[in-house]
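> Structure for the following, please:
(2 chains)
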Amino acid sequence: MNLETLLLPAIQDILKEQYGQSFSEEDIQLQKTRKEFKGDITLVVFPFLKVSRKNPEQTGEEIGKKLLEAIDIIKGYNTVKGFLNLEVSDAYLLGALQALANGAKAEKETSPTDLFMVEFSSPNTNKPLHLGHLRNIFLGDSVSHILEEKGHKVVRTQIVNDRGIHICKSMLAWQRFGDEETPESSGLKGDKLVGKYYVKFDKALRSETDALLKKWEADDFGELNHKVILEYQKLKDVAAEKEDEKAKKAIEGKIRELVNNHTQIMTEVKDMLKKWEEKDPQIYQLWKKMNAWVYQGFDETYQAMQVKFDKLYFESDTYITGKELVEKGLETSIFFKKDDGSVWIDLTPEGLDEKLVLRGDGTAVYMTQDIGTAYQRFMDYPELNGVVYTVGNEQDYHFKVLFLILQKLGFNWARNCFHLSYGMVDLPSGKMKSREGTVVDADDLIAEVVAKAKEMTQERGHIEGMSEAEKNRLYQMIGLGGLKYYLLKVDPKKRMLFDPQESVDLNGNTGPFIQYTHARISSLLAKADELKPVDLQVDLHETERELIKLLTEYPETINLAAEQYSPALLANYTYDLVKMYNSFYQSVSIFKEDNPAKVNMRLLLSREVGKVIKSSMGLMGIEVPDRM
RNA sequence: GCGCCUGUAGUGAAAUGGAUAUCACGACUGACUUCGGAUCAGUUAUUCCAGGUUCGAGUCCUGGCAGGCGCACCA
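Below you'll find the predicted structure:
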């Protein structure tokens, strides 16, 4: 039972008796007492002034006096301005500590059948995972843990972006330049190998575009369609008129795109996509082979991150379902067809735009596929309560539209879809750009932080007697823990800066700092005898009181993190707890204390802090060691 | 142009509408050489600007300013 729910009815009674008016729970604001004032919990008295007809101090005094008489755990009070600060007794806090030691936990509010699906990672199959994915993956995984802690069942899922023109690009490049290279023959990770050909395609496309642009500029159009030539010339004219550098650049970009679209290599890619959609056996086989390489590579990375998925969805399956749903919606006039055959939805009544859901040639777009995927998921799991989509905030609009379309299609469950939107990860040098080679590769980064953890641990760690395997596991735990913590401690919706130096740092508000505290507690407990129940008569040091209060706030913190889908709240809480523990550790002596009841209490307190650290870090997908 | 998000020490982050805005990194000053020093304490701000609501605003409302993102027959 937490302090607030304990005090609330008593306060209501006193107010009723004193002022003859009932106050609801919202009127009674209880909050933590700021540390510059004496007290533990504070009642804000401003809302009662109207009925007390006295100034804030007098009102506070009145209520405080009554509370002191009525409740024995209140041992004192003081009023500053409109704030009534209440002090609780040591015995109450000791009792709370004992309750935690007995394994008291907040009751789970949900039934175990309550099912949620969390989508995260959802990579492209032709680019290896990078830093941006790491934030996504750690967030999605952590939110899954948090929902599970609340008593929900969670299906971890991703939508694999395995179809479309971009896939054909790496396939074509591999055909052209690959020389039958495989992960085995090259020793490259599958995703890296495919990524390499994607880059090769891009290079080839650019040089072809350059060449063709030169030809066009010399009015050499070959057998080019008249319409296209006209379009090109029109753009040229517009570009010539523009004086503003920026506007000129924009038009030139458009011209380049037009040229780009008519290169030999692009034509071949489009042809390949068409063949793929027709399930041409040769193309289909190549597609399957190269995708298998990528999945193998991704699996290795997920394993290194200690992240697992329960169910995968593939766009290559769900886009068909999406198309069917659009066809159906067309009959019921949810969608409409334009003259060129393309299908749209009109969202202007909702204040949004018209949105394309099917191309003129009948092929699916990104949105079509997402409609299909959502539908498929609720078919597969009829008891599904909601879906959390972990996707970057550049897609805020897309998801707004998607959820609206699903609602319009008559799916009630669309209300339970949530877009867990997060900000981009910047580097000190600016934005990550694959063109400029400033992308931070996920595998490289993980290897780097683990290496750093190894270096630091060998320098100052306590690892004598550990086997090689144990040591390696430890380095992994520290390096990866530091990285996860670094990316999770920031509010998801905020854009964040990734400083490679700071991410491998082991001081300050970092994962390893928290892990270190846990290791220290473990070794402390290893030296201790068996713990006895807390003696409620001992008096508490200020840091002990603060620590116990913090411990009792843990369940509430989990609730908040779940409500807001924000692991950052847990990270901050854990850091506060650890800071307070270190302060406690510094200011009181544990084993040198003469009173055995105090020694016992301090050890028990340490043990509970250790348990909460382990639990909360676990909710962030981070393991904590007993030695490091 | 329209829409969404974000503006808090040099930097990165906290703060259900509550008090004198909380931390870390860097910098500077100091403690202790202990039960694990990967420790602890201290110094470091017109919360972008202007109005408004409120007993009370970093937080809510209105209007600016700055940055990011989106408004594709791309994904």
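> check contacts around residue A:321.
A:371-373, A:375-376 (CB atoms under 8 Å, 6 or more residues apart in numbering). (C-beta placed from N, C-alpha, C; glycine too.)
> export those residues to TSV and tack on pLDDT?
As requested, the contacts of residue A:321 are exported to TSV (pLDDT from 0 to 100):
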residue	pLDDT
A:371	95
A:372	95
A:373	95
A:375	94
A:376	94
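> got a winner among the residues you listed for most neighbours?
residue A:371 (25 neighbours; other CB atoms under 10 Å).
> isn't there a strand covering it?
No: under DSSP: H, G, I helix; E, B strand; the rest coil, residue A:371 sits outside any strand and is assigned helix.
> Go ahead and confirm it touches residue A:326.
Yes: the pair residue A:371 and residue A:326 passes the contact test of CB atoms under 8 Å, sitting 7.1 Å apart.
> Overlap of the contact sets of these two?
Counting by CB under 8 Å, 6+ apart, the residues touching both residue A:371 and residue A:326 are residue A:357.
> so which of the contacts of residue A:321 would you say is closest to RNA strand B?
Closest approach to RNA strand B among these (CB to the nearest atom of the strand): residue A:373, at 11.7 Å.
> Contact partners for the closest one?
Per CB under 8 Å, 6+ apart, neighbours of residue A:373: A:159, A:313, A:315, A:318, A:321-322.
> go on, residue A:208?
Residue A:208 makes contact with A:263-265, according to CB under 8 Å, 6+ apart.
> Can you tell me which of these has the most neighbours?
residue A:263 (20 neighbours).
> How many residues are close by the closest residue to residue A:190 other than its chain neighbours?
Of all residues not flanking residue A:190 in the chain, residue A:293 sits nearest, at 3.1 Å (CB to CB, 6 or more residues apart in numbering). Residues lying near residue A:293 (other CB under 10 Å) number 21.
> same question, residue A:289
Counted with other CB under 10 Å, residue A:289 comes out at 12.
> quick one: residue A:34 and residue A:80, what's the gap?
10 Å (CB to CB, to the nearest Å).
> neighbour-wise, which of these two wins?
Using other CB under 10 Å, the more surrounded residue of residue A:34 and residue A:80 is residue A:80, with 17 against 11.
> if you go through the stretch 151-300 of chain A in chain order, where are the strands?
A:153-160 (DSSP state E, counting those that start in this stretch).
> need the residues of the stretch 51-200 of chain A near RNA strand B, please.
When proximity is defined as CB under 7 Å from any atom of the strand, the stretch 51-200 of chain A approaches RNA strand B at A:80-83, A:85, A:124, A:161, A:164-166.
> Columns pLDDT and distance to residue A:514 on top of these, output as CSV?
Output for these, formatted as CSV (pLDDT from 0 to 100; distance: CB to CB, whole Å):
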residue, pLDDT, distance to residue A:514
A:80, 84, 34
A:81, 81, 37
A:82, 84, 37
A:83, 88, 33
A:85, 90, 31
A:124, 84, 34
A:161, 87, 35
A:164, 79, 42
A:165, 83, 45
A:166, 84, 40
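> Report the buried members of those residues.
Buried residues within these, counting neighbours by 16 or more other CB atoms under 10 Å: A:80, A:82-83, A:85, A:124, A:161, A:164, A:166.
> Give me the subset of those residues lying in helices.
Residues of these located in helices (DSSP state H): residue A:166.
> Give the residue spans of the stretch 201-350 of chain A that score low on pLDDT.
A:242-247 (pLDDT under 70).
> Please apply the same query to chain A.
For chain A (pLDDT under 70), the answer is A:1, A:104-113, A:242-247, A:428-438, A:500-501, A:504.
> show me what contacts residue A:390?
A:118-122, A:136, A:139-140, A:143, A:420, A:422.
> Please confirm that it is located within a strand.
Yes: the assignment for residue A:390 is a strand, going by three-state DSSP.
> Please tell me how far it sits from residue A:305.
Taken as CB to CB, the span from residue A:390 to residue A:305 is 14 Å.
> circling back to that earlier point, out of the contacts of residue A:373, which are inside helices?
A:315, A:318, A:321-322.
> Widest-spaced pair of the residues you listed?
Every pair in these was compared (CB to CB); the two farthest apart turn out to be A:315 and A:321, at 10.5 Å.
> three-state assignment of residue A:95?
Residue A:95 ends up helix, using three-state DSSP.
> My guess is it contacts residue A:533. True?
No: applying CB under 8 Å as the test, residue A:95 and residue A:533 come out as separate, 10.6 Å apart.
> neighbour count winner among the two?
residue A:95 (16 against 12).
> Identify the residue nearest the more buried one in space, chain neighbours excluded?
That would be residue A:536: by CB to CB, 6+ apart, it lies 6.2 Å from residue A:95.
> Equivalent analysis for residue A:93, please.
According to CB to CB, 6+ apart, the nearest residue to residue A:93 is residue A:548 (4.6 Å).
> how near is the one you found to residue A:577?
11 Å.
> can you check residue A:398 too?
38 Å.
> now swap in residue A:320 and tell me
50 Å.
> So which of these two has more stuff around it?
residue A:577 (23 against 15).
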